[in-house]
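Student: sequence plus predicted model, see below.
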Amino acid sequence: MTPGPRNLITDVPGLKVGNAQDETLKSGTTVLTADQPFTASVHVMGGAPGTRETDLLAPDKSVERVDAIVLSGGSAFGLDACSGVSDALRTESRGFQVGRAIVPIVPGAILFDLLNGGDKNWTENPYRALGMAAYLSATPQFDLGTTGAGVGALAAMHKGGLGSASLMLEDGTTVGALVAANPLGSVTTPGDRHFWAAPFEIGSEFGGLGPDPASGLGRAHVSRKAEAIHPASPDKANTTIAIVATDAALSKPQCQRLAVAAHDGIARAIVPAHTPGDGDLVFGVSAGAHEVEASALALLGHAASICLARAIARAIYLASPCAGDLLPSWSEVHDLG
C-alpha cells in the first residue's frame, strides 16, 4: 500500500473537499461532496457527539446515498453549516426525490471550539454561510492544517487542525481519510516531539521523526488545553470527527463496518481517545464502483485506520500559528516556523 498522488481523501476518484473559515471567529467548516450521490454510514465511539442526519445513515434506514457530508466547528451552532450546503444543493436540483420535491441529504458532525479565543459574539449564526461557501469551493486539491473545520481545533498540547491521507491498495482500490482533530487527548508523546501515530507514518509526511524511543508511555495525561480554557470543563470541549472513503463498491452496512474499523486510527494517534468528553465519530463512504471480494473488507478497514491515524498527525503537524492562539502549533514548539 502506498499513498495516492495527493495523499488526500480526494485520491478516491470523484470526491471533492471545500473549506471555509472566519479568522476572527477562529472557526470554520469543511465539506466533502461529489458530482454524484454516494453511499454513507457512520459509527460513533465518543461520549459527546453533535450530529445531524446521522440516524438516517444506520444500515436499516431508508436512504442509501447522500449528497455531501459536513464537518464543522461551532458546537451545536455549527450544525447550521449543513443548512447552507443544503441550500446550495437545492439550487442545483440535487437531492432525494420525493414526488415533485427534492430534499438534499447532508449529514454532519461538529466539534467544540467556542472557547478557543475567537470572537463568538455574533448576532446571526455564521455557520450557514460558511457551509455554503465551503461547498461552493470544493475541489480535489485542498489545504490541511489551520483551515476549514480545523481552524479553531485544539488538542491537549498543541493546536489541532484538518488532516487527510490516502492509500492505494495492490488491487487498485483507493482508501482515504479526512479529519478535524480537536481531541481531549494528546497526539504527541511526553515532550511534544514524537507523534503517537509515528509507526504508521509514510516518508516524512509529519516530520519523519520516528517513534518515541522511550517506554512506559501513556500513563500520565497532561493538557495545556485544559489549563487554557479554565475554568470551563475541559472534558466537555473536545471531539475528533472524521470521514473515511473508498472507491470500492460497498453497501451501507459495509460502509458502517469501514467506519468501525477506522476508529482504530483514532486510538493509534490520540492518547487517550474515545473519552466521555469526546464526540469521536467516523463516517464511512463508498464513492465508486470498483468491485472487491467480500473478504477484502477487512483490508479496507485496516487501510482506513492507517489513513486516519496519519491524517490526525498531519492535522497537528501542519497547523500554523495565528494571532490570539490559546495553544502553540507543533511547528512553534519545534522552531520550524
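Tutor: Yep, that arrived.

Student: residue ranges with poor pLDDT in the stretch 151-300 of the chain?
Tutor: 230-236 (pLDDT under 70).

Student: strands along that one, start to end?
Tutor: 161-168, 174-182, 239-248, 281-290 (DSSP state E, counting those that start in this stretch).

Student: the third one packs against which elements?
Tutor: Contact analysis of strand 239-248 by 3 or more Cβ pairs under 8 Å, 6 or more residues apart in numbering; DSSP states H and E lists strand 27-44, strand 65-72, strand 108-110, strand 174-182, helix 252-269, strand 281-290, helix 297-317 as its packing neighbours. From N, CA and C alone the C-beta is placed, and that goes for glycine too.

Student: give me the sheet partners of that strand and which way each runs.
Tutor: Strand 239-248 pairs in its sheet with strand 174-182 (antiparallel), strand 281-290 (parallel), by DSSP bridges.

Student: and the angle for it with strand 161-168?
Tutor: Interaxial angle of strand 239-248 relative to strand 161-168 (axes from the mean of the first three to the mean of the last three Cα atoms, to 10 degrees): 20 degrees.

Student: buried sites along strand 239-248?
Tutor: Going by neighbour count (16 or more other Cβ atoms under 10 Å), the buried part of strand 239-248 is Thr239, Thr240, Ile241, Ala242, Ile243, Val244, Ala245, Thr246, Asp247, Ala248.

Student: beta-bridge partners for the second one, please?
Tutor: Per DSSP bridges, residues listed as beta-bridge partners of Thr240: Ala181.

Student: look at the closest residue to Glu332 other than its chain neighbours and give its secondary structure.
Tutor: Spatial nearest neighbour of Glu332, excluding adjacent residues (Cβ to Cβ, 6 or more residues apart in numbering): Pro321 at 5.3 Å. Following DSSP: H, G, I helix; E, B strand; the rest coil, Pro321 is assigned to coil.

Student: tell me how far Pro321 lies from Gly145.
Tutor: Applying Cβ to Cβ, to the nearest Å, the value for Pro321 to Gly145 is 10 Å.

Student: who has more neighbours out of those two?
Tutor: Legend: neighbour count by other Cβ atoms under 10 Å for Pro321 and Gly145, higher for Gly145 (22 against 13).

Student: how close does that one sit to Ala313?
Tutor: From Gly145 across to Ala313, the span is 12 Å (Cβ to Cβ).

Student: for Ile266, same thing?
Tutor: Per Cβ to Cβ, Ile266 is found 11 Å from Ala313.

Student: do the same with Leu111
Tutor: 17 Å.

Student: quick one on the thing from earlier: Thr275: which of the strands of the stretch 151-300 of the chain is closest?
Tutor: Thr275 lies closest to strand 239-248 among the strands of the stretch 151-300 of the chain, at 10.1 Å (Cβ to Cβ).

Student: the inter-axis angle of the closest one versus strand 27-44?
Tutor: Using the same axes, to 10 degrees: strand 239-248 against strand 27-44 is 70 degrees.

Student: how about low-confidence regions in the stretch 1-150 of the chain?
Tutor: Ranges of the stretch 1-150 of the chain meeting pLDDT under 70: none found.

Student: residue ranges of the strands in it, please?
Tutor: In the stretch 1-150 of the chain, strands defined by DSSP E, counting those that start in this stretch lie at 15-22, 27-44, 51-52, 65-72, 96-98, 101-103, 108-110, listed in chain order.

Student: and the angle from the longest one to strand 65-72?
Tutor: Just to be clear, that refers to strand 27-44. Using the same axes, to 10 degrees: strand 27-44 against strand 65-72 is 130 degrees.

Student: now strand 27-44: buried residues?
Tutor: Under the neighbour-count criterion of 16+ other Cβ under 10 Å, strand 27-44 has 27-34, 37-44 buried.

Student: pull the most distant pair out of those.
Tutor: Taking Cβ to Cβ, no two of those sit farther apart than Ser27 and Thr39, at 29.6 Å.

Student: what about the residue lying closest to Gly78 once chain neighbours are set aside, neighbour count?
Tutor: In space, and not counting its chain neighbours, Gly78 is closest to Ser72: 3.6 Å by Cβ to Cβ, 6+ apart. If you count neighbours by other Cβ under 10 Å, Ser72 ends up with 34.

Student: thanks again, I'm all set now.
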